[in-house]
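[1] Structural data only, the sequence is not supplied:
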């Protein structure tokens, strides 16, 4: 920021003084602590200043312009991004949450990452049905109106694709946290506890597993242990207050807190109760990792403790030079709350406790900050999260030592960003 | 919901059985507890069923269709609504949050109500400046980049226009909670504590008031006591994770938790420290109420404890007939958390404690539910909130007895909805 002279600010021409001082200030802020007076020459009357900053000379649009609002024209770069090389087919595709442009713990509905196996199903809620069948006393079919007559709950949960950070198993590959970690979002859900619907149908004693099935063309199906279904799963119809978005399963999806995103079946149409897991395509050919010896890790449902620094990061370099810097990031765990996040500026040699700010809710994103003065030297930034069960985020090398490098899913290793002296940031590995 | 026969659900044609049972179920659900088997005749093969419900026969759009997403085509009725009769000029106008279509405590950015006194200012964040001047040691000018170098916080707060429910002072007038109570929204803000910026400038001991000024054509200006500024005010640049929306003050607004919305100056460009309040236009000609004797209530900043039932309500009648019903609503207080909400079905004669579900955060919306079986008789629905300081939401008559009927602002009286036997709902008053 820039100092301004008291006389300029307080005299009759305060508006003009403000604008001139402002521009000078913007130009002269470089080294953080360097607070300067405006350059009188710069403040001498560039017509551009009044032309671009005199917003209060013009009436704006009234409220009719946006019955459903949109972001500012100056934020058009804040979007989900697809990468064509990751999926073969345009309808079996993925895009990524722009984590480096966000803050807090809520992901706005417009930028929640998507993953489809057969594109977005477009479903008329009046026609949609949810069936519960299998090992139940009374098979049932629910309309959406039926579902909305059961007691509801509201919960904030992260959803992370099991493949998030998957490309990084074999080294630093993607230049930006949107691409390395952007298969995660965190939303406030409203829905009915799954337990209530299962109780309505009446579980038979031999019912131990649940098959959740989607109404899209991939007929997404996943097996879920009945204990989880009766614990904290939800049948959700709202996200962040409004109806689910089409790409998030409108009109109804399963919420499986803390567990891999693929299990949160979208466009939910059927829940079958059985006595054993099903081994459907999406839990065998995919969403199963191979150890180094070729044996498979099965039923790797929980998303373990993880974190990433979102700012600075490759897509959000340091542009302000040395001095006061806000380092920010997100942390989460499928086991519960985050208890602590530590940050390293030197690739893991020294650690500093970060400040977690905002609601701390179980199985939700946590926002952390580390405020420090940058001396302009190179940094190797890392964050390491610890959850309330005591689990500590591992390094990538620690993960590889246990699981080999055949995995795609469940990479919760520590991410390193290399901040160069010019403020540019790269994805690197340190060991 | 409807029972289905086990054999149908489990045989090879389970998909078809599901669809038929579903349609029959939807048609036969009427009296809540009446769970029925599908009519075999109805399930005999209507071609319409497969045509409208076979979403899984068609691939959907891939992720490229929506780099920034939008609601479902089936939710196009969920929008803010302007009413032309309330404001004379299209740029000095207001619209309303569709409360009856929402749930939980977060208002999505696309439907947060708007109030402008000169339309929405369109501001380039690179050019924007925030000045702090007046009774400070060092007047300062901040760029947006400067602001983002200060430590941040994340807080969820409601914002309520002082005029919310203003038309109801003189009786039940507007048919829908969107219009009676929709000048409120609740959002997660990210920003810098105002205290840090004032400390950077250095408050002089005689600085007791703050003037906040907007960069729009109305140059919105409000006086704020310095104690509030140093307590919990924020200079916010993000809402619900992403940049402020243009109509909410992009790129930066003041957040004045629990106090009337007009003080949350949008497009914030200047903060002047003074030794007394300013008595600007927006705090004299407006945002001041007259008692019955003509004397003015000044500095009525805090929004008192309040609640409203959002469902059922005139825009959301009961369509499912008697039986299991979810009554839902929101409660809030500028004094802190909501401790309790009671609901009456008979116009205030008997009260039942509602269930508050979801995060309970100070000066934020709280979501409440009351689940009951409706016998189909007429109801006079009311909700009454109590906050953690012990303040109890008054009846409208209690308010009128104290303040007369010259007021427009600060009507936090209890709202009554009349539910008719056919499920239709009207705005009424009972005494």
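    Received the coordinates, thanks. Keep in mind the model is a prediction, meaning the values are calculated, not measured. Numbering: from 1, shown residues only, chains lettered A, B, ... in the order given.
[2] anything in the host helix or strand of residue A:146 near chain B?
    In this structure, residue A:146 sits in helix A:144-147 according to DSSP states H and E. Yes: counting by CB under 8 Å from any CB of the partner chain, chain B has neighbours in helix A:144-147: A:145-146. For glycine as for every other residue, the C-beta is placed from the backbone atoms N, C-alpha and C.
[3] Next, the buried residues of that helix.
    Across helix A:144-147, burial judged by 16 or more other CB atoms under 10 Å in any protein chain shown covers A:144, A:146-147.
[4] Which other helices and strands does that helix contact?
    Contacts defined by 3 or more CB pairs under 8 Å, 6 or more residues apart in numbering or on different chains; DSSP states H and E place helix A:144-147 against strand A:234-239.
[5] which strands and helices sit next to the very next helix or strand once past the strand it packs on?
    Helices and strands here follow DSSP H and E; after strand A:234-239, the next one along the chain is strand A:242-243. Contacting strand A:242-243 under the criterion 3+ CB pairs under 8 Å, 6+ apart is no other helix or strand.
[6] Outside of strand A:242-243 itself, which residues are in contact with it?
    A:109, A:237, A:250-251, B:71-72, B:74-75, B:78, B:101-102, B:108, B:110-111 (CB atoms under 8 Å, 6 or more residues apart in numbering or on different chains).
[7] Mind doing that once more with 10 Å?
    By CB atoms under 10 Å, 6 or more residues apart in numbering or on different chains, the surrounding residues in contact with strand A:242-243 are A:68, A:109, A:125, A:190, A:237, A:250-252, B:71-72, B:74-75, B:78, B:98, B:101-104, B:106-111.
[8] At which residues are the helices of the stretch 101-250 of chain A located?
    Counting by DSSP state H, counting those that start in this stretch, the segments of the stretch 101-250 of chain A that form helices are A:144-147, A:177-181, A:194-201, A:226-231.
[9] Could you say which of these is packed most deeply?
    Highest mean neighbour count of the helices of the stretch 101-250 of chain A: helix A:177-181, a mean of 26 (counted as mean count of other CB atoms under 10 Å in any protein chain shown).
[10] close to chain B, is that helix?
    No: against chain B, helix A:177-181 shows no contacts by CB under 10 Å from any CB of the partner chain, the least distance being 12.0 Å.
[11] chain center to that helix: distance?
    Distance, stretch centre to chain centre, for helix A:177-181: 10 Å (CA atoms, centre = their mean, to the nearest Å).
[12] what helices or strands is that helix leaning on?
    The elements that helix A:177-181 packs onto, with contact taken as 3 or more CB pairs under 10 Å, 6 or more residues apart in numbering or on different chains; DSSP states H and E, are strand A:95-96, strand A:306-311, strand A:323-332, strand A:425-428.
[13] what are the pairing partners of the last one, and which direction each?
    Applying DSSP bridges, strand A:425-428 is found paired with strand A:416-419 (antiparallel).
[14] rewinding a little: can you lay out the helices of the stretch 101-250 of chain A as a markdown table showing distance to residue B:153 and mean pLDDT?
    Listed next are those as a markdown table, based on distance: least, CB to CB, whole Å; pLDDT from 0 to 100:
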| stretch | distance to residue B:153 | mean pLDDT |
| --- | --- | --- |
| helix A:144-147 | 37 | 97 |
| helix A:177-181 | 22 | 97 |
| helix A:194-201 | 35 | 98 |
| helix A:226-231 | 33 | 98 |
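[15] that older thread, I'd like to know which of the helices and strands packed on helix A:177-181 lies nearest to residue A:395.
    strand A:306-311 (12.3 Å; CB to CB).
[16] quick one on the thing from earlier: list just the one of the helices of the stretch 101-250 of chain A that sits closest to residue B:121.
    Across the helices of the stretch 101-250 of chain A, closest to residue B:121 is helix A:177-181 (CB to CB), at 29.8 Å.
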